[in-house]
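> my questions concern the predicted model and sequence given below.
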Amino acid sequence: MTSIVLYGLIQAKEQEIWEWYQYFLKFNEKLGYPSTHLGIIGDSFKSGKLTTIKRTEAKLSKALENGENIKTISIYSLPEEFTQAAFDYNTFICMNQSFNHPFVIVSVPSADFINVNMQELIADLQRFIICTEGKVFELSALESPLIYASKVNDDSDFSSLKIIEKFTF
C-alpha cells in the first residue's frame, strides 16, 4: 500500500467532517473502489466497529447535525470476500484525533497511486487539517499503515516500510 499521512491540528467540525466524508467517497469512486464501510468513534459511536455505509451514513449525518464530537472516522473500500478489514481493504482513509499525534491518512494500492495527484490531494486535505508535517510511504497492509501513522512503534519495527517523501509545512 502507498499512503499519505498528514499530522497537525484537525480543524474539521460538524459540516467540515461531512464535507471530508463526501470528498473521500468521491475519491474512492474515482479510483474504482466504492466505499463500503465506516468506522467511527464519537459521542454516539462508542464501539468503533465497522459497519456498512448504508447502515451508518444517516446516523453519522444526524450526529454531525447535533454537534456531536467525532474523534475518529475511517472509510474503507472492502472487497466482497474480505476476512479482516484491517488487512484486506482496497482503500483506507482516516481522520484520527484519538492519538497524541492527530492525523489524516489515505492508503491506496501502490499500483493505483500513480492515479492520485499527490499535490492536489495534500492541498485538499489541508482544508481539514493545519499541517505541521507529512509523509508518503509504502507499507504492507499486513503491517498496518494506520499503526505506523499513529507513531506508536519505531520505524525499525516495520520491515516493509519504504519512506518515499517527507515534508514539513
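Yep, it's here. Everything numeric in this text was worked out from a predicted model, so none of it was measured.
> so residue 49 makes contact with residue 40?
No. Under the criterion of C-beta atoms under 8 Å, residue 49 is not in contact with residue 40, lying 9.1 Å apart. Heads up, the C-betas are built off the backbone N, CA and C, glycines and all.
> neighbouring contacts of the lengthiest helix in the chain?
Selection of the longest helix in the chain by residue count, based on DSSP state H, yields helix 14-31. By C-beta atoms under 8 Å, 6 or more residues apart in numbering, the list of residues contacting helix 14-31 from outside reads 12, 34-35, 60-61, 64-65, 67-68, 70, 73, 75, 77, 91, 93, 95, 106, 108, 112, 115-116, 121, 124, 127-128.
> mean confidence for the helix or strand following it?
Downstream of helix 14-31, the next assigned helix or strand under DSSP states H and E is strand 37-42. What strand 37-42 shows for mean pLDDT is 95.
> counting by contacts, list what strand 37-42 packs against.
Other helices and strands packing on strand 37-42, by 3 or more C-beta pairs under 8 Å, 6 or more residues apart in numbering; DSSP states H and E, are strand 50-52, helix 53-65, strand 70-77.
> and if we set it to 10 Å?
Secondary structure elements in contact with strand 37-42, counted by 3 or more C-beta pairs under 10 Å, 6 or more residues apart in numbering; DSSP states H and E, are helix 14-31, strand 50-52, helix 53-65, strand 70-77, helix 85-88, strand 91-96.
> ok, back up a step: who's more crowded, residue 49 and residue 40?
Counted by other C-beta atoms under 10 Å, residue 49 and residue 40 do not tie: residue 40 has more neighbours, with 25 against 13.
> cool, thanks, talk later.
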